[in-house]
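> Structure, please.
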Amino acid sequence: MIDDCTALILAGGDSRRMGRDKAALSLGGLSLLQRAIQTMRAIFPTVLVSVRTPRPDIDAPQVLDELPDAGPLAGLCAGLRRAQTPWVFALATDMPYLHAPLIEHLATLRGNCQAVVPKTGAHLQTLAAFYAVAALPRLDATLHGAGKCSLHGALEGLAVRYVDESTLCESTLREPTPRAAAATRQSFIDLDTPAAFAAARRHFGE
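Numbers count the residues shown, from 1 in each chain. Sure, this is the predicted structure:
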């Protein structure tokens, strides 16, 4: 259990590419959101869910975006403001492959920084990352600023530990083998499209 951190599941997206509410899609007898809550409760003492409008179908505390249509940065800021711990782990609701050992490994890398963000190839995994509550003023400034409300852009003003694939592999098979690299990349797959969801159903035996 990572006691100094709150899990924040971001479930307020518009699911444009999927064509329907991703959080409600059923996988292994649970909705993607319920599955994410279950996974996070095994790792963190408190789980919050960031939503645009309240969801009556879940039993976790919910936080509402302060600005409509401001993207994941709005959800992250709302979660950081609500958290009673010094850290938040932000997770997109549509990442069912992410597993506890990898998250626990990332947690060990939080020293002397305001965020720990995995990097697979050239892609920053900002929605499977740790954020210090102390980073809220900088993130809030981006959210309410005149420019684009970009989480990637907000990171430029933070002390960030970017974690590459070779380091991530240490949490999978303790060494950067091709097998570990493939497993690591799979951990960060998000179910953005019907094809990705169909592949996940096959993976989980449906």
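
> worst-scoring helix or strand of the protein, pLDDT-wise?
Least confident helix or strand of the chain, by mean pLDDT, DSSP states H and E, is helix 178-187 with a mean of 69.

> for the very next helix or strand once past that helix, packing partners?
Once helix 178-187 ends, the next helix or strand along the chain (criterion: DSSP states H and E) is helix 194-203. With contacts taken as 3 or more C-beta pairs under 8 Å, 6 or more residues apart in numbering; DSSP states H and E, helix 194-203 sits against strand 26-27. The way it works is simple: take the backbone N, C-alpha and C, and place the C-beta from them, glycine included.

> Need the residues that contact the strand it packs on.
Around strand 26-27, the neighbours that count as contacts under C-beta atoms under 8 Å, 6 or more residues apart in numbering are 35, 96, 197, 200-201, 204, 206.

> go on, stretch 38-54?
Taking C-beta under 8 Å, 6+ apart as the rule, stretch 38-54 contacts 1-3, 5-12, 30, 33, 37, 55, 58, 60-65, 68, 75-76, 78-79, 82-85, 89, 91, 96, 98, 100, 103-104.

> Buried subset of these, written for PyMOL?
Command for PyMOL that selects the buried part of these, burial taken from 16 or more other C-beta atoms under 10 Å:
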select buried, resi 2+5+6+7+8+9+10+11+12+33+37+55+58+60+62+63+65+75+76+78+79+82+83+85+89+91+96+98+103
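
> This structure: helices as residue ranges?
Ranges of helices in the chain, per DSSP state H, are 32-41, 72-82, 100-107, 136-143, 151-155, 165-169, 178-187, 194-203.

> center of the protein, which residue is that?
L91 (1.6 Å; C-alpha atoms, centre = their mean).

> Distance-wise, check it relative to I43.
Here the criterion is C-beta to C-beta, to the nearest Å. By it, L91 lies 10 Å from I43.

> Check the contact lists of the two and give me the overlap.
Joint contacts of L91 and I43 (C-beta under 8 Å, 6+ apart) are A7.

> returning to that earlier point: for the residue nearest to the centre of the chain, give the beta-bridge partners.
Taking DSSP bridges, one obtains I9, A128 as the residues bridged to L91.

> Can you tell me how far it is from L98?
According to C-beta to C-beta, L91 and L98 sit 7 Å apart.
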